[in-house]
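K.L.:
compute the structure for the input listed below.
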Amino acid sequence: MSATKRILVIDDDRDTLELLQILLEAEGHEVVTLASGEGAVEQLQRLAPDLVLLDVVMRPYHGLDVLRDLRAVAPRVPVILLSGLVRQGEDMREVARLLGACDFLEKPFDAQQLFDVVNRVL
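P.N.:
Have a look, this model is predicted:
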């Protein structure tokens, strides 16, 4: 198990939030969840997380808008994008990097995929 890290998870799907919190806390991390992008910048500034997991497709604030706002105030905090909407043949890791994120995790994912991506980024 790695050292405890503070992870901010932003997703408008409550089931996904709960799953991510359970899995990441089981790995020894401190997890803070937000059910929308609203207030994400304030939470980022208040919490100073080591990592942000951010869903792309959210309402009312789209994840890419949230990412842009987070990058404006904390360009060095690593962000992993999450999405189930992947176009065939699209290299989402490269797209994520171009958008300012450091990695991408396609939904649905299993626990090992989550841990692999999180550990690689941290």
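
K.L.:
before we move on, what SS does I22 have?
P.N.:
Here I22 is recorded as helix under DSSP: H, G, I helix; E, B strand; the rest coil.

K.L.:
distance of it relative to T33?
P.N.:
I22 sits 11 Å away from T33, going by CB to CB, to the nearest Å. Where you see a C-beta, it was placed from the backbone N, CA and C, and this is true even at glycine.

K.L.:
E94 now?
P.N.:
As judged by CB to CB, E94 and T33 stand 28 Å apart.

K.L.:
one more: P49?
P.N.:
P49 is 11 Å from T33, by CB to CB.

K.L.:
of these two, who's got more company?
P.N.:
P49 (22 against 18; other CB atoms under 10 Å).

K.L.:
so what's that one closest to, chain neighbours aside?
P.N.:
L8 (4.2 Å; CB to CB, 6 or more residues apart in numbering).

K.L.:
quickly find the element holding the one you found.
P.N.:
strand 6-10 (DSSP states H and E).

K.L.:
next: Q113.
P.N.:
Take DSSP H and E as the rule and Q113 turns out to sit in helix 111-121.

K.L.:
how about that helix: buried residues?
P.N.:
114-115, 117-118, 121 (16 or more other CB atoms under 10 Å).
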